[in-house]
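Chemist: 3D model of this:
(one chain, ligands or ions: 1)
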Amino acid sequence: MKILIIGGDGYLGWPQAMYLSKKGHTILILDSLMRREFDLKNNFNSLVSIENVKERTRVWKEKTGLEIHYIIGDTRDYPLLSKTIKGFQPEAIVHFGEQRTAPYSMIDREHAVFTMDNNVIGTMNVLYAIKDFCQDCHLVKLGTMGEYGTPNIDIEEGYIEIEHKGRKDKLPYPKQPSSFYHLSKVHDSHNIMFACKIWNIKATDLNQGVVYGHETEETEIDPRLATRFDYDQIYGTVLNRFCVQAAIGYPLTVYGKGGQTRSYINIQDTMRCIELAIENPPHKAEFRVFNQFTEIFSINQLSEIVSHCSQELNLKVEIRHLDNPRVESEKHYYNAVNTNLINLGLKPHYLRNTVLTSLMKEALRNKSRINNKLIDPSVNWRKIKNILPQ
Ligand SMILES: NC(=O)c1ccc[n+]([C@@H]2O[C@H](COP(=O)([O-])OP(=O)(O)OC[C@H]3O[C@@H](n4cnc5c(N)ncnc54)[C@H](O)[C@@H]3O)[C@@H](O)[C@H]2O)c1
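Modeler: Predicted coordinates:
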């Protein structure tokens, strides 16, 4: 198949491009490089050193004989985006290309507005380009489990059957996100659902849990094919931060009471889920939703897992509770359904195994690259203007 990967230079997009290229698909990447620009501007760094997109694709060809083409461009640039889609005629578009963190979107007005503009307008442009130039293309869009928030009932896959005053309907599941980033994903979901209905196009919205891990079969071919490993307060997810903290003897910083419970998925399972979605497209006009995660943990459980693994590596760790910079429930019910992808054939990898064998070891190997000033949270949901440490 011809597959366009928007955001194909990012943490997930790059390994996904290699994964699908190795399966024989023709891959074109479109990426604005906004993720790398943030690091350069703010002196942030990936724990694992990463090559630029030109070098990555060159090494991929050298090692496998396969080509991955790329275009540097922004989804908000409609002439460029539509020309790309019209010319390439992808059978599937995997859309990773958004600003992807809650703390970034809560820094201040500028970052919140950028997140809305980049994500919502970018996705609107993708929808219009499909409608105008590539109607049969299947849009595989990355959403997040954070769109649902933490309701006091089970979270279903996209839709819920409701009986109200004696009448029944199947409606989009209510969304109660907890940052402007997550809200941008909710707006995307509504826009995509509407576009499918009115233009007869097809889309899969993948409500993905927090992804962990950085090793896939393809990144292991050569160190120059590595994907990023973020551990900072903006882009680093909690498990990565804990592993890095343990490696340098810094207390594991739990925000608030630590009962915040979320869904998680290994990077190798993300690769497979997207392949499964592409191999099993929805019908025309269908807006399909899959919950893309494999396990559920609270922050306290994650800190205990990392602490336990650290002991096995003879590292001493302390767990420290900080005032929560976010506005979120710290003790709540959480149970989400994830059967659609399992039914299509997903075989999960498990988090406990990855922490010790991969994440902790990588953190120790790259200890000298860790800048501990980047880890503590300085973005507070209640403040109007937050300042990033340099
Ligand atoms: N990483 C996770 O834990 C996680 C969890 C749930 C959902 N997601 C979603 O998966 C997708 C990929 O996440 P990631 O972790 O790889 O993020 P990332 O920031 O590493 O990668 C995103 C890539 O998209 C590019 N990009 C951003 N805006 C763009 C635009 N307007 N036009 C073109 N390119 C653009 C960036 O430069 C970057 O290379 C995101 O949509 C994210 O919201 C990620």
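Chemist: Looks like His95 contacts Val140 (just checking).
Modeler: Yes: if you go by C-beta atoms under 8 Å, His95 and Val140 touch, sitting 6.8 Å apart. To be clear about C-beta, it is placed using only N, CA and C from the backbone, and glycine gets the same treatment.
Chemist: so who does Trp60 touch?
Modeler: Applying C-beta atoms under 8 Å, 6 or more residues apart in numbering to Trp60 gives the contacts Met18, Ser21, Leu66, Glu67, Ile68, Leu225.
Chemist: can you check Asp31 too?
Modeler: Each residue near Asp31 by C-beta under 8 Å, 6+ apart is listed here: Ile6, Gly7, Gly8, Asp9, Gly10, Gly13, Val53, Tyr70, Ile71, Ile72, Gly73, Gly97.
Chemist: Are any of those buried, and if so which?
Modeler: With neighbours counted using 16 or more other C-beta atoms under 10 Å, these contain these buried positions: Ile6, Gly7, Gly8, Asp9, Gly10, Gly13, Val53, Tyr70, Ile71, Gly73, Gly97.
Chemist: Might you enumerate the residues of the stretch 151-300 of the chain proximal to the ligand?
Modeler: With the criterion set to C-beta under 6 Å from any ligand atom, the stretch 151-300 of the chain comes near the ligand through Gln208, Val210, Val211, Thr237.
Chemist: Using CSV, lay out those together with distance to His182.
Modeler: Rendered in CSV, the data for these read as follows (distance: C-beta to C-beta, whole Å):
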residue, distance to His182
Gln208, 12
Val210, 12
Val211, 15
Thr237, 14
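Chemist: which residues in the stretch 201-350 of the chain form helices?
Modeler: Residue ranges of the helices in the stretch 201-350 of the chain, as given by DSSP state H, counting those that start in this stretch, are 238-247, 267-279, 299-312, 339-344.
Chemist: With the stretch 51-200 of the chain instead?
Modeler: Counting by DSSP H, counting those that start in this stretch, the stretch 51-200 of the chain has these helices, from start to end: 53-64, 78-88, 102-105, 109-116, 122-133, 180-199.
Chemist: most tightly surrounded among those helices?
Modeler: The highest mean neighbour count among the helices of the stretch 51-200 of the chain, using mean count of other C-beta atoms under 10 Å, belongs to helix 102-105: a mean of 22.
Chemist: Run the contact check for it versus the ligand.
Modeler: No: using C-beta under 6 Å from any ligand atom, helix 102-105 stays clear of the ligand, with a minimum separation of 9.3 Å.
Chemist: what's that helix packed up against?
Modeler: In this structure, helix 102-105 packs against helix 109-116, helix 180-199, with contacts taken as 3 or more C-beta pairs under 8 Å, 6 or more residues apart in numbering; DSSP states H and E.
Chemist: what ranges do the strands span in this protein?
Modeler: 2-6, 26-31, 68-72, 92-95, 138-144, 159-164, 167-172, 202-208, 210-212, 252-255, 261-266, 287-292, 295-298, 319-322 (DSSP state E).
Chemist: Which strands border the first one, and is each parallel or antiparallel?
Modeler: If I follow you right, that is strand 2-6. Strand 2-6 has these partner strands in its sheet, going by DSSP bridges: strand 26-31 (parallel), strand 92-95 (parallel).
Chemist: Please apply the same query to the fifth one.
Modeler: According to DSSP bridges, strand 138-144 forms sheet pairs with strand 92-95 (parallel), strand 202-208 (parallel).
Chemist: Can you say which of the ones you listed is nearest to Lys131?
Modeler: Ranking these by proximity to Lys131 (C-beta to C-beta) places strand 202-208 first, at 11.5 Å.
Chemist: what comes into contact with the closest one?
Modeler: 138-145, 147-148, 157-158, 188-189, 192-193, 195-196, 265, 270, 273-274, 277, 281-293.
Chemist: Mind giving me the ChimeraX select for those, buried ones only?
Modeler: Selecting the buried subset of those in ChimeraX, with 16+ other C-beta under 10 Å as the burial test, is done by:
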select :138,139,140,141,142,143,144,145,147,148,157,158,188,189,192,193,195,196,265,270,273,274,277,281,282,286,287,288,289,290,291,292,293
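Chemist: what about the closest residue to Ser32 other than its chain neighbours, neighbour count?
Modeler: Spatial nearest neighbour of Ser32, excluding adjacent residues (C-beta to C-beta, 6 or more residues apart in numbering): Asp74 at 4.0 Å. Other residues near Asp74 number 19, with proximity taken as other C-beta atoms under 10 Å.
Chemist: Nearest to Thr253, out of the residues of the stretch 151-300 of the chain next to the ligand: which one, please.
Modeler: Minimum distance to Thr253 across these is 13.2 Å, recorded for Thr237 (C-beta to C-beta).
Chemist: what's the neighbour count on Glu217?
Modeler: Residue neighbour count, defined by other C-beta under 10 Å, stands at 12 for Glu217.
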